[in-house]
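Visitor: here is the input, now give the coordinates:
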Amino acid sequence: MYQFEVELEDGTVGMANSKNQTPPYAQGSTVWYDVKSETKYGKKLKISTSDPAGQQQNQSSYAPQSSDTQTRIENSWAVQTAIQVYGSLPQTGYDLNTYLKKVNELAPTLLEMRDNVGKLEVKQEDTTKPLPF
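Guide: Purely as a prediction, here's the structure:
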């Protein structure tokens, strides 16, 4: 499942899911949406390209986030995940610069791993070597 942050013509902003890497609607498409839930993190949207007969839903046009915005969202995920891997700064015993350098080195690796899930060959690793983090 792929998740996208979308902004609709009426100003509604939220997260929508798609089974494909590209959603089934494009910028300027007429879509119908329903706000499924709302949390402190934002709205979860159900977006449809066909008029759901008999259901009360909102109609709007989809405006996808720019590729720069999508890249920032992905990078934010990678940095947050790297911080989870290392733990909070006081737990690590590293000084701030070392900690930030390690997080910065791990984040691109996490993005590469995400993009290649299920595609990487399993290699026989030396299990006696320490992990890079």
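Visitor: so what's residue 19 up against?
Guide: 1-2 (C-beta atoms under 8 Å, 6 or more residues apart in numbering). Placement of C-beta: from N, CA and C, glycine included.
Visitor: if I look at it, how far off is residue 1?
Guide: Distance, residue 19 to residue 1, using C-beta to C-beta, to the nearest Å: 7 Å.
Visitor: break the chain into its domains for me.
Guide: 2-65, 68-115 (automatic domain parsing).
Visitor: tell me which of these lies nearest to residue 128.
Guide: domain 68-115 (20.6 Å; C-beta to C-beta).
Visitor: about what we covered before: want to throw the domains of the chain into CSV with distance to residue 128 and mean pLDDT?
Guide: Formatted as CSV, these follow (distance: least, C-beta to C-beta, whole Å; pLDDT from 0 to 100):
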stretch, distance to residue 128, mean pLDDT
domain 2-65, 38, 78
domain 68-115, 21, 88
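Visitor: do a quick rundown of the helices in this protein.
Guide: Using DSSP state H, the helices of the chain run over 67-86, 89-92, 96-115.
Visitor: redo those as a markdown table? Include distance to residue 49 and mean neighbour count.
Guide: Formatted as a markdown table, those follow (distance: least, C-beta to C-beta, whole Å; neighbours: other C-beta atoms under 10 Å):
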| stretch | distance to residue 49 | mean neighbour count |
| --- | --- | --- |
| helix 67-86 | 21 | 14 |
| helix 89-92 | 46 | 12 |
| helix 96-115 | 27 | 14 |
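Visitor: okay if I get those helices as JSON lines plus distance to residue 24?
Guide: Shown next, in JSON lines, are those (distance: least, C-beta to C-beta, whole Å):
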{"stretch": "helix 67-86", "distance to residue 24": "17"}
{"stretch": "helix 89-92", "distance to residue 24": "43"}
{"stretch": "helix 96-115", "distance to residue 24": "22"}
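Visitor: what about the closest residue to residue 38 other than its chain neighbours, how many neighbours?
Guide: Leaving aside its sequence neighbours, residue 38 sits nearest to residue 44 (C-beta to C-beta, 6 or more residues apart in numbering; 7.4 Å). For residue 44, the tally of surrounding residues (other C-beta atoms under 10 Å) stands at 16.
Visitor: great, nothing more from me.
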